[in-house]
Structure formats: C-alpha cells, structure tokens
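> Provided below are the primary sequence and the corresponding predicted coordinates.
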Amino acid sequence: MRFSGLRVLKEGLTGNKGWRPHWRDPEPKPEYDIVIIGGGGHGLSTAYYLARDHGLKNIAVLERGYIGGGNIGRNTTIVRANYFLQGNSEFYSHSLKLWEGLEEDLNYNVMHSQRGIINLFHSDGQRDAAARRGNMMISQGDDAILLGREELRKMVPYLNFDDLRFPLYGGLYHPRGGTARHDAVAWGYARGADQRGVDLIQNCEVTGIDIENGKVKGVQTVRGPIRAKKVAMVAAGRSSQVAAMAGMRLPIESHILQAFVTEGLKPVIDNVITFGMGHFYISQSDKGGLVFGGDLDFYASYAARGNLPTVEHVMEAGMALMPMIGKAKVLRSWGGIMDMSPDGSPIIDKTHIDGLYVNCGWNYGGFKAVPGSGSVFAHLIATGNYHPASTRHRLDRFRTGRGIIDEEGKGSQHNLH
Amino acid sequence: MRIEGKGLIARDHRVSFTFDGVRYSGFEGDTLASALLANDVRLVARSFKYHRPRGILTAGSEEPNALVTIGSGGRQDPNVRATVQELYDGLEARSQNRWPSLEFDLLSVNNLAAPFFGAGFYYKTFMWPRAFWEKLYEPMIRKAAGLGALSGQDNADCYERAFAFCDLLVIGAGPAGLMAALVAGRAGADVILADEDARMGGRLLAETYEVDGKPGHVWVEEVLAELRAMDNVRLMTRTTVAGAYDHGTFAALERVSHHRADRGAGAPLECYWRIVARRSVLAAGALERPVAFRDNDRPGIMTAGAVRAYLNRWGVAPGKAVTVFGNNDDAHRTVRDLMAAGVHVAALIDSRHDAPEVDGVQMIRGGQVCGSMGGRGLEAITVRRTSGEERIQTDCLAMSGGWNPSVHLTCHMNGRPEWRRDIASFVPVPGAVPGLRAAGACNGAFSTAACLREGAAMAAAALEDLGIKVPQVATPDAEDTPYALEPLWAVPGKGRAWLDFQNDVTVKDVKQAAVENFRSVEHMKRYTTQGMATDQGKNSNVAALAVLADATGRGIPETGTTTFRPPYSPIAIAALGAGAEGKGFQPQRFTTSHAATVARGAPMIEAGLWYRPSYFPKPGETDWRQSCDREVGYVRNAVGVADVSTLGKIDIQGADAAKLLDFVYTNMFSTLKVGRVRYGLMLREDGHVMDDGTTARLGEDHFVMTTTTAAAGEVMKHLEFVAQGLHPEWDVSLTSVTEQWAQFAVAGPKAREVLNGVLDTPLDPTEWPFMSCGAVSVLGVVARLFRISFSGEQGYEVAVPARYGASLFDILVKRAEALGGGPYGMEALNVLRIEKGFITHSEIHGRTTAYDIGMGGMVSAKKDCIGKTMSQRPGLEEPGRECLVGLKPVGQDGRLLAGAHIYREEAEPKRTNDQGYITSVCHSPTLGHMIGLAFLADGPARYGEIVKMVDGLRGVTTLCEVVNPIFFDADGGRMRG
Amino acid sequence: MRITCPHCGERDHREFYYKGHALALERPAADAGEAAWDDYVYLRENPAGVTRDLWYHEGGCGAWVVVTRSTLTHEVLSTEPASEARA
C-alpha cells in the first residue's frame, strides 16, 4: 500500500478500515542468504539497501525484542554531517544526502527537518577548531557558516550572552543539519525492507553463531537454528555479546547515555543548538517537547538507565546557556546503551571469519548515520568491497594504527569520546 | 458549587484569584481546581490534538486535562496542574493551547477532521511536494502543537538543591506511609516522610473513613503531631519523590513557594533534593482509572475518587445532578458520600450484573455508559443495558474503572510490575528497587486496615535489615472491606472513546495500531503517542494495554507493559540545574595576580577553569594587536612578566621518583642532575602525545613537574594510576601543588636585572645556566627559581608560596616597567611561542604523535615508557602522516587563518586533495608578517615548497611557503645567553 | 550511585572519576607483541554482568580503586585499592 495524503483522505472517509500491516510477521525460514542480527536502525537500513541497491531478497533481520526498540527509538534525533576527519567527513556527507531523499524513497514521512545546527564556541582555540571543522565540511561539499557573536545573537537571542561562565564567541552553523522523527525512521526502513521481501523476525534472540572451518554457516536462535551464507552483526550496545558468540573480542565498551524530553511547549527553539563547554545539545520536537541531552554517565553499563549526577550536569548546562528554559519541565528521561569505540568512530567491516560482518561502534552518534551505515554496509556485504564513503572504518585500525578517526582526540579510553 | 460546613478548607480565609482574567474567590486550603469547581467553572482547557473542551478529571498530580499557565514574564509557569496548584490571594491563571479563547477555539476544527487524524496519520502524508514539509506542513504542525508557552525571558525565580540522608525514606503519607513512619520513628530510626501533597494524610483526607474510631483526618493529625515531636523524623510536605536511582538514592522535588503570594526575597520557588536512604518504603497509593466510552472526555466527567475528594476535602459538589458509573464496590462510596452531603445523585450505573444494592438511588446493574452529550460541559449521558439505551440528564459523571497501584518508582530501575488478575492491576515485584518495599495501595492492598498493617510491617522489615529494634505498635482499627471488581476497560460502540485524554488517543487509535502491526506495546505507544503526555500514561496505560491485548487476542500479561521512567511527575529544568545560572555553571579559579591584573584593565579570558589576562592595554592603544605587539617587544627587547601559576605543578618525592618519571616521559629523567630542569614529553598508552612540560630535580628524591594548564588534572590522575596501579612497589608520592605556589615568568634580555632586585643573593650567570633550578630567597621568602623559557628569550620562572604571589607580582611588574618592560598577557605569550615553534594543545590535540610534532627522537630507545610500544605501530610512524611545519605567506601581507586547510598550489580545494591544516597563527611583530604552525603531509620534507591555504568559511586563499616551525633564533642563542 | 572507597568509606559517585576495565592494571611487557598490546589498549570483554573496573577518588583521597560490580544492575560487590588488586 502506498501512503499519501490522498490515501489518508480516502481511508478517513471510509472509516479507516483499509489500513494494512506496515510489515509482516513471518515465521523464520530454515535458511537465508543473509542474516542480519539486530533489528535496530542500522540493521533495518542494511536490509533495506541490500534489497534496494543489490536486488537481494532472501534476507532475515533477527531482532531479540521488537524492531526499532534500541537506540533508534531513544535518542535526541539529530541529523548532521559536520565532521572534520577523513573517514567521517565523507561518510556522514553520504548519509545526509540519503536523508535528504528518504521520505520519497521510503514513502514514509520520517519528518526529516533541516532546521540547522549551531555548534557554539567559547574561546579563540575553539573557534579555530570550529573553523578547521567548517572548512572540512565545505571541502567535502557540505555546508558550514562561521557565525560571529553578533550574527549568533541575531539567530538565537535567548542564549545567555551577558554572563555565561564560558562566553559566547560565536557558532559554527550547519544549515542542512536538523532532526527527524526517530521511530518513523525505523518503521519506514522496516516497511521498505518488508515490501522488498525481507523477513523481519521479532522476538528472535540469537543464541549462537555457527562457524565451521573459519566460515560462517548460520545462527542459533530461540526459535531454532537458521542457516545463512552471510551473517551481519549490527547489535549496537550488545555488539560485544554477539561477537563473543563468534569468539571475537571487539574494541567496544558499552556505556549509558541519558536523554530528556520536557512537556509540550509552544515553539521557542528553532534550531539544534550544542554547547560544547557543557556537552549539551537541545532541539524542540514537532510535538513541542524540548529534547536534549549531554554526556555519558561515564561508567560501563547495560542497565539502560542512568544516575543523577549526569542528569544534574545536563540541566546545569541548560540553565547556564539558556536560562529561558528554566520553567520547562522534564517529563521523561531515559538511557540507552552506547557502543563506545576507542576513537569515537564506527567499525563497518568484514571479520576474520569468512561471511561474518560487523557494524558497531556508533558511540552516541548512530542515529544520523542510519541511512549511510545501511547503505555502505549493504554494499560491503553484497559486493565484498568497501563503499567509497566507508573505506576507513576498518576493524584493524587500532592494531595497525592506520587511519584512527579520533575526532575528540581523547585516545583509547572508550568513555571519553 | 460549595457545600456549607464541609471540607478541610479554612473557611475564614477567603482568597481571590483570576482565571482567564475573570475574578473568583476561594478559600485557603483550596487547589485551583477545587476553587474553579466551587465557582462552577467546568471548561478549563483544550486537548492537544483535537482541541476538545476539557475539564478537571482528577484531584491529583496525575491530572491530564486541567493544565494552566500561572504568572507572566520571567515567572510565567506553563503546564501547571490546576489540581496541584494551591490557591493564594492574587493568583493569576490562564488557559492554554486555544485561540482566540478557551470558549471559542478555532483549532477545534481539528475535531471535525478527526477521521483523517488517526493514529500515525502524519507518517503517511505531508510528503508531497517535498519542499512543503519544511516550508508549510511542519511550521503549521509546530504552531498547533505544544501546550503552554515559555515566556522567552530568563527565568526569574530562585531554586535550590540539597542533599539529605536517612535510615528510612517513606514515600507517601497516607495510612500506609504514616504507619511506616510511626513505627520507624518510635524505633528511633532517622526517618524522612515525604508527600507530594500540601497536607499529609493521602486518601484519608478525601474519604469518610474512620481510623481508630475517629474520622480519618483526625487520626492523621494525631499521628503527625507525634511525628513532629520526634527529632529523628523529618516531615516533607509538597515534596514529590520523583525518581529512584542506584544504591538508595532518590530524587525529590519540594515545591517551597508555589503556594505563596509573596515568596520573600531570595526564597526559593523549589528545592531539588537528593535523598540517600538506607531503606525505603513506597506508600504512594493508587490512582483511579477512567473507563473508555464514547465522548468520555467532556468537562464534568471525572474519576469517582476525585468527586469524593472535592466533596469531602474541599466541600465542593462538582455537579447538581451527579451520576456514578463504575465496575467496583468502591465507586458506590461516591453515592453514599454525595447523598450524605445532600447532593442529588441521578443514578448509579454498575457494569456488574451482581453488584451489591445501594439504598436510595436509582441503580442500573449491568449497565454501561456508552455516550455523553453536551457542548462545553456534560449535559446528559446514554446508558446501555440489556433492555436498551436510556438517556440520563446529568452534569457530572463520576466514573471508576478500578484502581491502579502507583508502581512508578518501582519501574525506575528496570523493574517490571506483575499482573494480578484478582484486582486487574499491575503490582510491584519485590526487590525491583533494592532496599525498597511497597506497602498499602501501591502494593495492591486497598483497604484502610490493610494499608495500616502493611505500612507497619514494611517499616518493621526495614528496621530489621538495619539492625534496629522494632517497637510494638498497635495497628488501629479501620475498614477492611474487600475490593471487588469486574474489569471494564472500554465500552463497545461507535465514535471515539478516549484513553489518553491529553494526547487525544482513543480506543480506535489503539485498534488501528494493532491492525497496522504495531502490536508490541512499545510500538503501539510510539505509534499512537499513548502514554506519552505529561501524565506519562498514569491515567490510561493499563486500559490502553487491555484494549491492545483484546485487539491482538492476547492476555494482558503476555502483552506486557510499557515502563515508567523518571521523573514521577515533571520537574522544572531550573530546579534540577539550580545554581548553574550565570557564572555558577563551573567553578572559577583565580591566580594571585588576578586583582592587580583586572585593575590594570586587562581583559580576562578563560583557560580551563582559570582566568588569565589577554593583554594589558595602555592609554592610546585602540586594539588588542597594538598591546600585544608592544608586550612581545618587552620580552624580545627588554623584559616581560607573566603569571604562569595556572600551569599544573606536581611535587614528586621518593626513592623511586626518577623511575616514575622515566616511565611516564618518553625521555630519560633519572640522568637529570640535581639542580637541573628538563623538557619532557608524555604519551598516552595509545602512543599519542598526552602533554608536555618541564620537570625540575630539586633533590635526589625530589622533583617538581610542570604540566600544561589544560592537562593538569589528567596528568595527576595518570601519575597516580602509574604509581598505584602499575607500580605500587615503587616508593614515590605525588602531591598537586598548583595552588600552593604562585609562579611568574620573567623573560627578556633584562630578566636577570629584574630578578636581582628581588633576590636576596644576586644571580651568578655561571651558576644559573639555561635549564637550571634551585632554592632562592626572595625578599626573605623561601622561593624556587627555574631558568626556563617559553619565549625564546633569557627566561626565568620564580615561584613563591601563594600567599606572597600578589605582592611579588606587583614588585616584579614595577621593576620591569622601570626597565622599559612590563606585564604581558596570553596574546603576547602565544606570539612568542609561535615565533619559536613551541607547541601547545593546539598542536598536541590528542591526535598527534611524537613523530608528528618532530619529537620522534625524544622517545628513548633505552627504556620502556607509557605509550612507547603503541607509538611504534606501523600506522603511526610511516610516511604520509601530517607533521608539524611552519608556514609563512608568500608576500608580507598574506593572511593566515587557524583552522584553514592546506592544498597543493594547483589542487582544487576539496577533501580528497586535503594536505593538512593550520593550528596556530599570529602576526609576528618580530618578523613583520603573519606566521603559522601547521600539520602537513610529509611536512618536514617539504620546506621551501609553496602550498595553498584555503579557508572556505571566511573566503580566504593564501599561498604560503613551508618552513621550519622555528621562525626565530633557530639555534636558541638568546635563551641560553 | 554509592561507592565505598577503601580509605574514606561510602561516598557518592560524584567524587569519582571512571577510567575503564581493571585490565589496565595488567600492562604487558614492551615486547609482548602486537596482539597482547591490542588486547590491553583497545579490545574489551565488555561483560554484561560482573565486571571489575577502575575508579579514581579524585574528589577525595586520590586512591585508584578497583570496583567489582554488575553492569546490568549497578550493584557493587566489592571494592579494593588498585595498589593491592593486581592479580
């Protein structure tokens, strides 16, 4: 069924009786060409692009719970392409371009909204770093504008220009950055993949990966064994557990990231704003809630919930930067499990096991990468070659030291990225 | 309408308030909701999506409808629940989300378009034409969405934060909580009893129960009097325990001043508490659930418990002809209470065919309310029974679908409540929050007697855990009627029946979600927005779940439940972030010369948490460059003085101190002689540069290390880690002495002259060669002197105990000025170091190796050190890496910009041609043109090559020559001289 | 979250800095080889369950503390000074 305004009208006039499931709930088949472990954003988009770009149909996405139930359904929904290191720059640029055609492509309104992102800076040194970043964005073909203090004031007059602890020097403005409705992205990809014949299998936890003579043969699941020619691990915060089934240790540590939403309010914040000194980022959703977050809780955890010191720090940053949001009331907080990599950048690669692929290490930037990640990972799985936008996300870069992509410059301590 | 003589309000304290500009009066003890009802105001809000007229549904913080805005300007407070807001004289409340007025809201046209606005409709439309989403559809949706509004002004109220600790935290002061507090209090335990209400007592204030043979509220007062008299018990009213966190930590919000017309200067509006409790008892009660039937959202339709609360606690009859509709015995109490108060009850409708008889009222057994009529308030209902449908004129419907235990806090640590079929509700699983026990209604025990018993028992269990002797406390007599109900979630029929009132989610929406395969409860919630309104689904989640279970042919336990997340009820950002406004966000660190520096008019800039002077302006100078150039001239030609106390200083002592340094620095320190200083480079274990600085050997077993300002804390942690974690066998101790010593750089050809004026023994140049150090006496004070230079000139740093810093700075500056020099700031310091090619964290930014900065040779081959092995990975040492070079423009006037990228002269400036980037630039007054430090692919091999700097952001392209990064005095003769 | 510092007693976790897994205490020899170093610096067991990790009592006594705790529930099972914790 194709979605459109006309269809909504027609259904509305006929009692909304014609709607159909957005995706099927098939029984797992005994064998697939490709099994994808993980029905989050990245797993779903990988399946979608395998089908769309490579004509592959015999694919299953195995999800332990319900599809889209991981970080794709609990994030601050920011979409951007503002990285400055080779490896990230071209990748996120590729991803943003996919975002820009996503609604038409999926026939699903994911509410991608290019509201613009402003990264604030607070010293000469930070301005220089912002300039380095902005110049890379421009040379990659993306957009960046360096705002001085007064230009910034015109755009976002409600920031604390007068007595902020770290004064506002300006901001790096990325007009094509913005937000999207996170759940819709998962559902849109799920529906698109399903329509192209991919089996989405929920409540199907993988309990083992079958490997013979260095080649992957299939997986064991709570719903029985499934043979597969290729297996792709796309398990985000649970990547280490999945990889352990293949006898692998990954350079990943799982951490909590909390995020917050306030009660609905009439529009006050138009852009996405990030406050580097406070590690704080905020936007306002179409429903009116302020959606914001900050830094990790810092300790390794799978609890998917955090503690108060981080809550307080995030709120402090909000109060410092924009005291006008003080009376906005936090409605809900939540925590996601982040697969933190030791350089803050993802891993999209083959493994030493023939037919086994890995996609992980999204830190807390995985949402915006969903289209790009699926597209380049599908390319790798289908063709065996690295997509031009993802030649550097190698698993062995830490061992060899070649092509480490450390945007934060924090080194091998996972929680500092 | 108010009922004379009823309620717990202060009839002798009349207060006046406005709602939407109309003046009304109420009494002290009223909430805004009770006062509005007393004034027969029923329409108080509009719903989120359809802008349906809405009234007051509940009498507590779970209220989904009656949200209003209080106050204006910097005090404007949106989305305040009228059911929680206490009345005060002069209170001004306004309705929200309507235009032009509450009575006549143009957006209520949405209600007519409801067939097109079903669950998830927006995912299926607004896609064409593509540009219209951002230009038309989305702005329209954003404008229509949201409830109240922020004023846009800075928040004008004060907030506070506090910590509290206790043996036992009791959450909720109804019968269970009061008994728990009483038992623990009498045991001598340190108790905190917190309740969100202004008045403790819970449902005992809202019902006509007797406890211990007295009216419930009288018993409450007696218990509170006893608790108040105990030093070990703290009663916290208006305090919502909002979140449960690890190891007995709870977040709580105390509404300190929301009920006061005059808050008093500096009094906080709210206080956010972090309560650490060794044990806790959850006695949060239960919330009554509405029943879904067609048009069940009209003003005048309320929960039955709310009707009793308004009647018994506030003396208000919410209608003239009230109907009661329920599926349980508890709802019958409403009829009795209303009749006893002389309010006409039009009918009692019980969906159970075997419901017990209630005298004196028209009773419809096995009936279901299947529709409501009225404009902006309820006028009539339709009741369906086996014999047909019947219309009943009524202006208030009290409905009860049963009660949901308030399990919310037990879900905050991932606990999943269990379904109890007999009460058709979820109850907490023991141990869901370690140390917390649920008691009373929140545990599924609904009778007053059961609440009292459980409260006492759970407190006793907690005391036993803590090893505190449990006192004998008799449980008072109270009603102990069994709770009997037959589940009724949604009355079948046409039209829309509301589940989530605020978000306008109806039974149809949930069913449609199921049809579209949003069958997982989380999918349904997200697709329909069910439970995502400001009440977090407190009123609606269980019913929605039941509808979903029915639609998918599963039972409720198999369908599962969405979870509740903190906070229990919404908390202002200003409360959670209290104290961070303005400069309060992070501590401010000031050097001993701060006051003198500010007095000289120097603009201060942030350096980490420290403040340092940018430059010291002189009269007549019109921009910073003039001041900076002059200050550079001081150092190059005469003498300059700078406060360098912000650099980290770590005192390292012990027999193995040298071993530690050999291990953390790439180069050798054990060979350093006493009285000498050496520059050291420190790597992270991953082989990249962590920090650099000088370390002086003051004695055989005594060193003092200098770190950069930015990395002081990180280096201290790192050294402690090495000493404690990797080599605990070493005899070494580390102390941060950054704050203990004030340290000043004195640099320039006349530096020695300045110092000789303060040193008790003049410097003998032969005894004080470059990179020497030692103890000296400065005007009688024991001091340290280091002959080091970050400027390339003859330089010293003199350190005195911090208490002498201010006066030494003053003396040094005056002496320097007398010699044609003076103080210099960060701008000049930066120019001086760039001219010399010295690096800062602009260059060692965490991605560079010793090899990259041209210091590969400093990694000693003779020993292991942190980071050495990993720095030798092939990728970190091979050709093609971007390495440090100097850049100077071709032509004197060429402009360099930090952050610009470098390309080959003929190359197009695109990413794939990128050759590097500029890290630091300055105008060099010494050389008369701009200079820059940059990282360039294979840089050191390219000296003399012309490259192109491109700054696309600022539209600048400059041809530059690649040069050695040491622009000035390459052989270092000046600093050794 | 509350952490018991072996020297100072039970403290709020605000006082602590977190580094990562306690395998950081098992530094390989310089010549242990590429695999051993990759294991040490980058690869992680990342257990969903009991782990041992390193916390620094930065806002207190300056001790590095090995905390044995669950990454699933955050329950702390034991703490000991890093200086005594090496296997």
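Looks like it came in fine. Residues are numbered from 1 along each chain as shown, chains lettered A, B, ... in the order given.
> hey, what's B:E606 bridged with?
Per DSSP bridges, the residues bridged to B:E606 are B:Y611.
> show me the contacts for it.
Contacts for B:E606 (C-beta atoms under 8 Å, 6 or more residues apart in numbering or on different chains) come out as A:122-123, A:166-167. C-beta coordinates here come from the backbone N, C-alpha and C atoms, glycine included.
> distance from the centroid: which residue in chain B tops it?
B:T766 (59.3 Å; C-alpha atoms, centre = their mean).
> that's a helix at that one, yeah?
No. Using DSSP: H, G, I helix; E, B strand; the rest coil, the assignment for B:T766 is coil, not a helix.
> ramachandran coordinates for it?
Per-residue torsions, B:T766: phi -70, psi -30 (degrees, to the nearest 10).
> so where do the helices sit in the chain?
Using chain A. Assigned by DSSP state H, chain A shows helices spanning A:5-13, A:41-54, A:88-99, A:102-106, A:124-140, A:149-155, A:182-195, A:239-245, A:308-321, A:366-383, A:397-400.
> if you could check chain C rather than the one you did, that'd help
Going by DSSP H, chain C shows helices at C:34-41, C:82-85.
> how close does B:A450 sit to chain A?
Relative to chain A, B:A450 is positioned 31 Å away (C-beta to the nearest C-beta, to the nearest Å).
> before we move on, what SS does that residue have?
The three-state label given to B:A450 by three-state DSSP is helix.
> residues touching it, list them.
By C-beta under 8 Å, 6+ apart, the neighbours of B:A450 are B:440, B:480.
> dump the helices of chain A to a markdown table, plus mean neighbour count.
Shown next, in a markdown table, are the helices of chain A (neighbours: other C-beta atoms under 10 Å in any protein chain shown):
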| stretch | mean neighbour count |
| --- | --- |
| helix A:5-13 | 15 |
| helix A:41-54 | 27 |
| helix A:88-99 | 23 |
| helix A:102-106 | 20 |
| helix A:124-140 | 23 |
| helix A:149-155 | 13 |
| helix A:182-195 | 26 |
| helix A:239-245 | 21 |
| helix A:308-321 | 25 |
| helix A:366-383 | 25 |
| helix A:397-400 | 22 |
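> can you list the domain ranges for chain B.
The record's domain parsing of chain B by automatic domain parsing lists B:1-153, B:159-286+B:405-466, B:290-401, B:490-554, B:594-646+B:740-833, B:649-736, B:879-976.
> deepest-packed of those, please.
Comparing the domains of chain B by mean neighbour count (mean count of other C-beta atoms under 10 Å in any protein chain shown), domain B:490-554 ranks first with a mean of 24.
> average pLDDT across that one?
The average pLDDT within domain B:490-554 is 96.
> distance from the chain centre to it, please.
Centroid displacement of domain B:490-554 relative to its chain, using C-alpha atoms, centre = their mean, to the nearest Å, is 30 Å.
> measure it end to end?
Domain B:490-554 has its terminal residues 16 Å apart, counting by C-alpha to C-alpha, to the nearest Å.
> with stretch B:919-928 instead?
20 Å.
> is it positioned near chain A?
Yes. For stretch B:919-928, a contact with chain A is found by C-beta under 8 Å from any C-beta of the partner chain, at B:919-920.
> and that stretch, how far out from the chain's middle?
The answer for stretch B:919-928 is 43 Å, by C-alpha atoms, centre = their mean.
> what sits up against that stretch?
So stretch B:919-928 is contacted by A:128, B:625, B:628-629, B:632-633, B:636, B:830-831, B:834-835, B:840, B:842-843, B:845, B:888, B:892, B:896-898, B:929-935, B:967-968 (C-beta under 8 Å, 6+ apart).
> equivalent analysis for stretch B:583-594, please.
A:163-166, A:277-278, A:316-317, A:319-320, B:597, B:604, B:608-612, B:643, B:645-646, B:742, B:744, B:802-803, B:805-806, B:809.
> could you rerun that using 6 Å?
A:165, A:316, A:320, B:609-611, B:643, B:645, B:742, B:802, B:805-806, B:809 (C-beta atoms under 6 Å, 6 or more residues apart in numbering or on different chains).
> ok, the residue nearest to the spatial centre of chain A to chain C distance?
Nearest to the mean C-alpha position of chain A, by C-alpha atoms, centre = their mean, lies A:F367 at 1.7 Å. Per C-beta to the nearest C-beta, A:F367 is found 22 Å from chain C.
> looks like that residue contacts A:G73 (just checking).
No. A:F367 is not in contact with A:G73 according to C-beta atoms under 6 Å; the separation is 10.0 Å.
> if we can go back for a sec, to A:C360, which of the helices of chain C lies closest?
helix C:34-41 (16.6 Å; C-beta to C-beta).
> return the distance of that closest one from the chain's centre.
With C-alpha atoms, centre = their mean, you get 18 Å for helix C:34-41.
> grab the nearest non-local neighbour of the closest residue to chain C within the stretch 201-350 of chain A.
Residue of the stretch 201-350 of chain A nearest chain C, by C-beta to the nearest C-beta: A:S240 (3.6 Å). Of all residues not flanking A:S240 in the chain, C:N46 sits nearest, at 3.6 Å (C-beta to C-beta, 6 or more residues apart in numbering or on different chains).
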